[in-house]
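just a sequence and a predicted model for now, questions to come.
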Amino acid sequence: NAGVTQTPKFRVLKTGQSMTLLCAQDMNHEYMYWYRQDPGMGLRLIHYSVGEGTTAKGEVPDGYNVSRLKKQNFLLGLESAAPSQTSVYFCASSYGGAGGRRNEQFFGPGTRLTVL
Amino acid sequence: AQSVTQPDIHITVSEGASLELRCNYSYGATPYLFWYVQSPGQGLQLLLKYFSGDTLVQGIKGFEAEFKRSQSSFNLRKPSVHWSDAAEYFCAVVNNAGNMLTFGGGTRLMVKP
């Protein structure tokens, strides 16, 4: 099993450009998440999905869109990148269901994005 | 709303010394708690978790954590630190709706030879 994979690993954008980050998981997990990580701020949830075809806003959703057309994939889009979106982006997935196991998240290796 | 505080941003210990990383949470009910570790340039890896039952939980890599309801704490411990333990450690709690994690700001551990 590859677990959670993210594409690309690194990317540099100019202000105003758009891009899509791809997350894939092969664990048949129901829930998927997108986080950003900035120095001293831990991880902040951008958007999440509790199943194929569903998405919901997290803590910092502005400037991002997501789609979950297939259970194994979760895409994060930036329509018009801004320097404030320079960050490391992590995708995660979890089993779903009831109880604490729902939130036992497995993380991808991250995508380092720089917006100039 | 729930929150997680990791009071120590940086900690330095000597190899072979014991370690305790602090985590305090605010939550109304019995929380689900996690500790994750992040090595440089890597994603987060689950060290251990607490859902219910025994308040002392064992994890991977020789780590353990103790849930103390009276102190709203879930501190991470290791009796003897190895150089490979140098990393950033994150405590997390499940939110009231049960659909997402709230992370602390992290504690960066450095290990002196």
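Great, that's in hand.

quick one: name the residues of chain A near chain B.
Listed as neighbours of chain B in chain A under the rule C-beta under 8 Å from any C-beta of the partner chain: A:4, A:31, A:33, A:40-45, A:48, A:50, A:56, A:58, A:90, A:92, A:99-110. Where you see a C-beta, it was placed from the backbone N, CA and C, and this is true even at glycine.

same thing but 7 Å
Residues of chain A lying near chain B by C-beta under 7 Å from any C-beta of the partner chain: A:40-43, A:45, A:48, A:50, A:58, A:90, A:99-100, A:102-105, A:107-110.

and those, which are buried?
Burial of the residues of chain A next to chain B was assessed by neighbour count (16 or more other C-beta atoms under 10 Å in any protein chain shown); the buried members are A:42-43, A:45, A:48, A:58, A:90, A:100, A:102-105, A:107-110.

return the subset of the residues you listed lying in helices.
The helices, defined by DSSP state H, take in nothing from those.

pull the residues that contact the lowest-mean-pLDDT helix or strand in chain B.
Least confident helix or strand of chain B, by mean pLDDT, DSSP states H and E, is strand B:101-103 with a mean of 89. With C-beta atoms under 7 Å, 6 or more residues apart in numbering or on different chains as the test, strand B:101-103 has contacts from A:42-43, A:103, A:105, B:2-4, B:34, B:90, B:92-95.

of these, which is the nearest to A:L21?
Ranked by distance to A:L21 (C-beta to C-beta), the contacts of strand B:101-103 are led by A:L43 at 15.3 Å.

one step back: following the least confident helix or strand of chain B, which helix or strand comes up?
The helix or strand immediately downstream of strand B:101-103 is strand B:107-112, counting by DSSP states H and E.

list the buried ones in that following strand?
For strand B:107-112, by 16+ other C-beta under 10 Å, it's B:107, B:109, B:111.

these also near chain A: which ones?
Within those, nothing lies near chain A by C-beta under 7 Å from any C-beta.

in JSON lines: these, plus distance to B:I60 and pLDDT.
Formatted as JSON lines, those follow (distance: C-beta to C-beta, whole Å; pLDDT from 0 to 100):
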{"residue": "B:T107", "distance to B:I60": "18", "pLDDT": "96"}
{"residue": "B:L109", "distance to B:I60": "16", "pLDDT": "97"}
{"residue": "B:V111", "distance to B:I60": "17", "pLDDT": "97"}
